[in-house]
Structures are given as C-alpha cells and as structure tokens.
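*Asks:* this one's structure only:
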C-alpha cells in the first residue's frame with residue numbers, strides 16, 4: 001500500500017510517439033473538432049432562430065447537439081494539448097473528473113436516443129395524438145430523465161474504480177482516461193469492478209437499445225399499413241437520420257465495453273474510442289442536415305438572410 005502514495009498522476013501515452021505523426025494528427029483532429037463544434041452549434045442556432053422548429057423532435061435534437069459538443073470537448077482538448085506538448089501528465093483528480101464527464105455524456109446520449117425513438121413512434125403511429133403524447137411538459141420531463149440518468153448511473157462505476165489502489169506503473173496507454181485503460185493499472189483484483197461495469201453497460205446500452213428496436217418494430221408495422229409508396233417513403237425518411245446515428249453510436253459502444261476482456265488491445269481500443277468519441281459527434285449534425293429536408297431548408301433560409309443583410 002505504500003507504493004500507492006507514489007502514484008499522484010498518470011501519464012497518457014496518446015496516439016503516437018513520433019513528432020511528425022503527432023503534428024499531422026494535431027492538424028487533423030483540430031479540424032475535426034472545429035467541424036464538430038460548428039456543425040452542432042449550427043443545429044442549435046437553426047432550431048433557436050426558426051419558430052417552426054420548436055417541436056419535440058427538434059427539442060430533442062438540440063439536446064443531442066449539446067451532448068455532442070460536451071462529449072467531444074471532454075476528450076479532444078486534452079488530446080490536442082498532448083499531441084502538441086511532450087508532457088502528457090494528468091493528475092488523479094483530473095483523470096477521475098474526465099472519466100466521469102465522459103461517462104455522463106455517453107449515458108445521456110444512450111437514453112436521449114431512446115427518447116428520440118419514442119418521438120418518432122408517437123409521430124408515425126399516433127399522429128393525431130402526437131401533440132398530447134409529447135406536449136411541452138412531457139418533452140421536458142423525458143429530456144430531464146435522460147440527463148438525470150447520465151449523471152447518476154456512472155457514479156457507482158466511478159466510486160468503485162477510484163477506490164482501487166494504483167501502484168507501480170502510472171502509464172495509461174490511451175489518449176484519455178477511459179475506464180478499461182485505467183483499470184489495467186490497478187494493483188488489486190478488478191473482477192468485482194469489471195462485473196459491476198458489465199452489469200451497468202448491459203443496463204445502460206442494451207435497455208435503451210432494446211426499447212429502440214421494439215419501437216422501430218412498431219413503426220415498421222404501422223408504415224407497412226400505409227398503402228401509398230410515397231407515404232411509406234415519407235414515414236421512413238423521418239426515421240433515417242435517427243436510425244443512422246443509433247447504428248453508429250451503439251455499434252461502437254457495445255463493441256468497446258461489452259466484448260471479452262481477452263480481446264482488448266491498446267491500438268484497437270484507441271481506434272474505437274476515436275470513432276465514437278470524436279468522429280460520431282462530427283457526423284451527427286451532417287447526418288441530420290443531409291437526411292432532413294426541414295433542416296436543410298432552414299439552413300438555406302438563414303444563409304439567404306445573412307447574404308441579403
């Protein structure tokens with residue numbers, strides 16, 4: 001236990017030790033981060049400026065944009081600093097805070113995507129009662145529940161992880177303090193923490209995903225009852241953006257947190273983490289703008305107003 005006192009900070013190995021590669025990645029991810037911030041901020045501004053977008057669907061989309069901005073900001077600034085500077089030290093407290101914020105935002109996005117699936121279900125399967133099923137109060141309560149789940153569910157994982165003694169090596173083979181990478185440094189049996197983490201992942205990932213799948217089964221059944229192919233296409237098009245985001249986010253998150261421990265590898269873990277923590281938040285506003293005619297129309301109108309003024 002005396003060795004535990006020596007570990008007062010961690011060292012993040014990052015993505016590469018080569019200066020040339022680090023500078024290349026610095027430019028690349030600086031551009032990706034800028035695009036992510038601008039894309040999600042644009043979604044927020046469009047929804048705020050256009051009164052016709054003050055509907056439940058766009059209300060939840062604005063929350064998703066906020067989550068994505070915070071989600072990528074919880075890891076990318078630290079990564080950019082480490083790519084630029086040879087010093088990659090991070091204190092235990094900062095590491096714990098970064099891990100908690102990351103888990104909060106990831107959990108919130110899981111439940112927010114489930115809420116957005118319910119929105120599509122209400123709009124397609126019960127269009128006449130849509131305003132009642134998702135009135136302003138219900139929408140606010142659903143969004144609040146998603147955020148509350150995000151802040152509360154990771155607490156147990158965080159407490160159990162940081163109760164472990166850390167001694168010996170303090171080098172994290174990752175670009176941020178992700179839980180599996182940190183657990184590898186614990187000089188104690190981590191099976192109990194890993195079992196709790198697995199149960200938490202099953203609840204956090206599979207419960208909302210199961211709800212989303214069941215919701216889309218109901219949506220599919222309702223759409224198939226529509227006689228006109230044009231009507232079916234219109235109904236499916238309103239779900240295309242959400243389905244794309246769900247597949248990208250849940251696919252990478254499940255592969256990261258629910259695969260066997262024996263299949264973990266630092267290089268593969270970092271690649272997957274880059275995908276769901278940096279790339280997906282950049283793609284989300286693109287997916288919603290490219291597949292949603294209303295968002296594209298609102299963007300064109302705002303640009304025309306800007307050019308005219």
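*Replies:* Arrived safely. Please read these numbers as outputs of a predicted model, since none were measured by experiment.

*Asks:* quickly find the element holding the most centrally placed residue in the chain.
*Replies:* The residue lying closest to the centre of the chain (CA atoms, centre = their mean) is residue 106, at 4.5 Å. Take DSSP states H and E as the rule and residue 106 turns out to sit in helix 92-125.

*Asks:* what do you get for residue 41?
*Replies:* According to DSSP H and E, residue 41 maps onto helix 19-49.

*Asks:* list the buried residues in that helix.
*Replies:* Burial within helix 19-49, assessed by neighbour count using 16 or more other CB atoms under 10 Å, is assigned to 22, 25-26, 29, 32-33, 36-37, 39-40, 42-44, 46-47. For every residue, glycine as well, the C-beta is placed using N, CA and C.

*Asks:* widest-spaced pair of the residues you listed?
*Replies:* Using CB to CB, the pair of the buried residues of helix 19-49 lying farthest apart is 22 and 47, separated by 37.2 Å.

*Asks:* on that earlier part again, buried residues in the helix holding residue 106?
*Replies:* In terms of neighbour count (16+ other CB under 10 Å), helix 92-125 has its buried residues at 92, 95-96, 98-125.

*Asks:* now swap in stretch 196-212 and tell me
*Replies:* Neighbour-count burial for stretch 196-212, counted by 16+ other CB under 10 Å, picks out 197, 200, 201, 204, 205, 208, 209, 211, 212.

*Asks:* export those as TSV, with columns for secondary structure, pLDDT and distance to residue 245.
*Replies:* Below are those laid out as TSV (DSSP: H, G, I helix; E, B strand; the rest coil; pLDDT from 0 to 100; distance: CB to CB, whole Å):
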residue	secondary structure	pLDDT	distance to residue 245
197	helix	84	24
200	helix	86	22
201	helix	84	19
204	helix	89	17
205	helix	89	15
208	helix	94	13
209	helix	93	13
211	helix	95	15
212	helix	95	11
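
*Asks:* what's the burial count for residue 269?
*Replies:* Applying the criterion other CB atoms under 10 Å, we find 17 residues in the vicinity of residue 269.

*Asks:* which strands and helices sit next to the helix or strand containing residue 287?
*Replies:* The secondary structure element spanning residue 287 is helix 280-291 (assigned by DSSP H and E). Counting contacts by 3 or more CB pairs under 8 Å, 6 or more residues apart in numbering; DSSP states H and E, the secondary-structure elements packed against helix 280-291 are helix 19-49, helix 56-73, helix 229-257, helix 293-308.
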